Every structure is written in structure tokens, then in C-alpha cells.
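Enquirer: Coordinates for the following, if possible.
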Amino acid sequence: MPDPSVADHRTRVRQALTPLPGPVEVPLAGARGRVLAADVVAAVAVPPFDHAAMDGFAVRAADIGSVPVELPVTGVVAAGDPVPALQAGTAIRIMTGAELPPGADLVVPFEWTAGSDPVRVLETAAAGRHVRRRGEDVDAGEVAVPAGTTLGPAHVGLLASVGHRTVPVRPRPRLGVLSTGAELVNGDVPDSNSATIAAAAAGLGAEVTCFGPVGDDPAAFRARLRDAAAASDLVVTTGGISAGDHDVVKAVLRDEPGFWFGKVAQRPGRPQGFGVLDVDGRAVPVLTLPGTPVAAYGAFLLYGRDALAVLAGDPAGAPVRRVRLGAPVHAGDRTVLLPGVYDDNGHVVPLPGHAGHSQRLLARAEVLLVVPPLGRTLEAEAIEVLDL
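Expert: Below is the predicted model:
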């Protein structure tokens, strides 16, 4: 039987997961980078009232139909001041942001006038000139920011301006990262997998805790895995899933109901595994990845990114981004992950060198090219890329 494809394994992972319950309400100060769980409707209009867009004089258009014309000045209004009504045939000196006096329908900028009282208006204009109308930007009751938006500083400012102090956002999945291998525990090899995956997951909005490294003793691994699962919504393990004598992850989990271990038609990272662990009545998905650093990182971007997206509220998983190739790439019978960069045209090209194990090569890359198993040379086609 042929190895399952990358698409098959992605589907396996997605279909076993459901979005976390939510939403959660967070203050605006902590909302940057969060994803809105529902449309946010403006509680107040922006602007909240008609106001002057420039410093000048509030007048009636009917009073400056022919210019020049002199109008007595009956008051001064700055932002926040009480607003007197404008009488026909008069003007009120007004500052930018001040509420437009009742009776006025335009603002004549200072540059169009001479004198101060009476003011001599030198240019005419139609009603509405230099006035920002109530609700011109966002009206009360209008959707200010739609559900699914990843909030940036400008969104946060807009939400504050329409009268909100808190917003409903999707919960952040809790990710537990558990690396395995005696060589990591005794310090012979640094635990780069935990560092890489934790950094990638944090960039995807997860709350990350590292529970490793743990050695090759099954009892010790089982206990550490249970600790990780009890505190997480998703656990990612690295190492211990191939066919060696010390593959502790596979040894502990292969007999658990619903766990799958096998080979996926990809390079690097052919050995993969996935299942759902019952921890005190709570179903916790466990994604088991290879131990080779480049394979572990690539597999996390392929499958862990999808899993976090589903848990955060996107049942379809993470969006797929495609970019046109800038150089020919040979596609074989397996999906191949190649470190790549953008060329001067914004297309992607693979970096020269062996990609299967070189973390240095991966660190030079901007994206991973996901070369599909089409069995031919790809020229200028658009292929999936994974941001690094």
C-alpha cells in the first residue's frame, strides 16, 4: 500500500480536531494579534457629530453666495466647547474638530478670509465643504471590524473609537512541546526542536509550554506526556517515532486507541504519527513528529500549523499561500520541502544545497517550498509556500 500523501495526513489531523470553546472577552490593551470571534458593531458613530475639518469660520452657504462679503463674528468654538447656534448673516470662528454650530453648513478656512470682526469672506463654496459629517467614517450600528480579523494597532484604535473597551476573540490554543532523546537529556545534543517549534507556534498565536527534553525510558516519557496533555490543548512531540530500538514515543502510544504511526509521502520527515489521548475525560490531540530538526520544523509547519488553526476556530485549517516559481524545480513521487527565497520579481526559488538536515540552510531561507508529487519538472507554476 502506498504511503499516505501530505494532503491525506493533513486531513487526518484536521478531521480529528474541533475548535476550542469560546469566545473569550479581552481588554483592548491585550487584543493586538488576537482574532475576532464575532463581528464588532459600532456603539457610537465616528465622528460622533458634524465637526469642522479645518480652522476657519462656520457660516451658511446662502450667506456667501456672492463674494466678497462681510459677516459679523458672534462667537468662537474650539473642540469640546459648548456650541451656540449660528444666526443668519453671521459667522462663528471655529477650530478643527469643534462641533459645527446648528444653522451652519460649511466652514470657510482662514486662508479664504481677511479681517476678524467682521470677517471678510473672499471665496465661496457649496454647503458641506470642510465639514466632517456624523458617522462619515463608521455609523452607529454598523459593523466596524468583521469576525475573523487579526487585530492590528489600527483595528484596536478603531474599536476604541466606536465605543468598545473589550472585544470577543478566539481562544489561544495551549501547545505543549515535548522533545525526546537521551542525547538531549545528557546534553550531548542541544534541544533545538523545542526552541524552533515553540517560536513558530508563538508566532501563530499559541500559548506554548516546553515539557522536554525527556529520555528514552517509556515510564518517564508516559508521565511527562500526561503532564503535557493535562496542561495543553495540543501536544507536539519530536523524535522517537521511527523503527529504532529506542523510539519511545511510538513504543508508548502505538497501542493507544486511535493512534496512527506510519510513513507519509514526503521528504524530509517521512515518519509521522497522530492520535487523540484521553486525559481525565478530556480528548487531547497528540501530533508526533520526526526528531531531525529540519524534518520536525517542516512537519510542524505542514501539520501543527493546521491543527492550531482548527483549534483557534478555522475548521478548514490554516490558509494555503501559493507563489509562482522563479526557477525550474523537479517534482518527484513525494512531496518535497525545499528552503527557498524570493527573487527580484517576487517569485520563489530554492536555495542551493542539501535541505534534508541543514538548519543553517533553513535559517537562510524565507519560505519552505512545498513541491507537489507531480513527477515532472515545474517551470513557472504557482506552488504552496510555508512562511518561516
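Enquirer: Just give me the residue closest to the centre of the protein.
Expert: residue 150 (4.7 Å; CA atoms, centre = their mean).
Enquirer: out of everything not next to it in sequence, what's closest to that one?
Expert: Once flanking residues are discounted, residue 150 sits nearest to residue 35: 5.3 Å by CB to CB, 6 or more residues apart in numbering. Any C-beta I mention is one placed from the backbone N, CA and C, and that applies to glycine too.
Enquirer: Next, residue 157: secondary structure please.
Expert: helix (DSSP: H, G, I helix; E, B strand; the rest coil).
Enquirer: Next one: it from residue 169, what distance?
Expert: As judged by CB to CB, to the nearest Å, residue 157 and residue 169 stand 16 Å apart.
Enquirer: Which one's more surrounded, these two?
Expert: residue 169 (26 against 11; other CB atoms under 10 Å).
Enquirer: Show me the chain divided up by domain.
Expert: 6-21+171-311, 24-46+136-169, 51-132, 321-387 (automatic domain parsing).
Enquirer: Need the winner for burial among these.
Expert: domain 6-21+171-311 (a mean of 20; mean count of other CB atoms under 10 Å).
Enquirer: end-to-end on that one?
Expert: Counting by CA to CA, to the nearest Å, you get 20 Å between the two ends of domain 6-21+171-311.
Enquirer: for stretch 43-60, same thing?
Expert: 31 Å.
Enquirer: Now do the same contact list for the nearest residue to residue 378 once chain neighbours are set aside.
Expert: For residue 378, ignoring the flanking residues on the chain, the nearest one in space by CB to CB, 6+ apart is residue 329 at 5.0 Å. By CB atoms under 8 Å, 6 or more residues apart in numbering, the residues touching residue 329 are 338, 350, 369, 371, 377, 378, 383.
Enquirer: Adding pLDDT, write those residues out as CSV.
Expert: Conversion of the contacts of residue 329 to CSV gives the following (pLDDT from 0 to 100):
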residue, pLDDT
338, 94
350, 95
369, 96
371, 97
377, 96
378, 97
383, 97
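Enquirer: Now flag whichever of those residues is closest to residue 146.
Expert: residue 383 (30.0 Å; CB to CB).
Enquirer: The closest one and residue 368 touch, don't they?
Expert: No - assessed by CB atoms under 8 Å, residue 383 is found out of contact with residue 368, at 10.6 Å.
Enquirer: which stretches of this structure have low pLDDT?
Expert: Flagging of the chain using pLDDT under 70 yields the residue ranges 244-246, 354-356.
Enquirer: Next, residue 202: phi, psi?
Expert: phi -60, psi -40 (degrees, to the nearest 10).
Enquirer: beta partners for the residue nearest to it when sequence neighbours are not counted?
Expert: Computed as CB to CB, 6+ apart, the closest residue to residue 202 that is not its neighbour in sequence is residue 208, at 5.3 Å. Beta-bridge partners recorded for residue 208 (DSSP bridges): residue 175.
Enquirer: Tell me where the chain has helices.
Expert: 6-15, 153-161, 182-185, 192-203, 218-230, 248-253, 293-299, 305-311, 359-364 (DSSP state H).
Enquirer: Can you say which of these is nearest to residue 266?
Expert: The nearest among those, by CB to CB, is helix 6-15 at 5.3 Å.
Enquirer: just checking, what packs against the closest one?
Expert: For helix 6-15, the packing partners by 3 or more CB pairs under 8 Å, 6 or more residues apart in numbering; DSSP states H and E come out as strand 271-279, helix 305-311.
Enquirer: any chance of these in JSON lines, with distance to residue 228 too?
Expert: Output for the helices and strands packed on helix 6-15, formatted as JSON lines (distance: least, CB to CB, whole Å):
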{"stretch": "strand 271-279", "distance to residue 228": "9"}
{"stretch": "helix 305-311", "distance to residue 228": "15"}
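Enquirer: quick one: which of the ones you listed is nearest residue 223?
Expert: Per CB to CB, nearest to residue 223 of these: strand 271-279, 12.3 Å.
Enquirer: quick one: the closest one to chain centroid distance?
Expert: On the basis of CA atoms, centre = their mean, to the nearest Å, strand 271-279 sits 27 Å off its chain's mean C-alpha point.
Enquirer: just stretch 109-123 next, same as before
Expert: Taking the mean of its C-alpha atoms, stretch 109-123 sits 51 Å from the chain's own mean (CA atoms, centre = their mean).
Enquirer: same question, stretch 371-383
Expert: 28 Å.
Enquirer: contact partners of that stretch?
Expert: For stretch 371-383, contacts defined as CB under 8 Å, 6+ apart pick out 5, 265, 322-326, 328-338, 347-348, 369-370, 384.
Enquirer: let's go with 10 Å and repeat that
Expert: The contact list for stretch 371-383, computed with CB atoms under 10 Å, 6 or more residues apart in numbering, reads 5-7, 265-267, 321-338, 340, 347-348, 350, 369-370, 384.
Enquirer: show me the contacts for residue 5.
Expert: By CB under 10 Å, 6+ apart, the contact set of residue 5 is 11, 264, 265, 266, 334, 335, 372, 373.
Enquirer: Which of those residues fall within strands?
Expert: 266, 335 (DSSP state E).
Enquirer: Reformat the contacts of residue 5 as a markdown table; add distance to residue 254.
Expert: As requested, the contacts of residue 5 are exported to a markdown table (distance: CB to CB, whole Å):
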| residue | distance to residue 254 |
| --- | --- |
| 11 | 21 |
| 264 | 16 |
| 265 | 21 |
| 266 | 21 |
| 334 | 24 |
| 335 | 24 |
| 372 | 30 |
| 373 | 27 |
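Enquirer: where's the residue nearest to residue 150 relative to residue 42, distance?
Expert: 20 Å.
Enquirer: Verify the contact between residue 251 and residue 221 for me.
Expert: Yes - counting by CB atoms under 10 Å, residue 251 does reach residue 221; the two are 8.4 Å apart.
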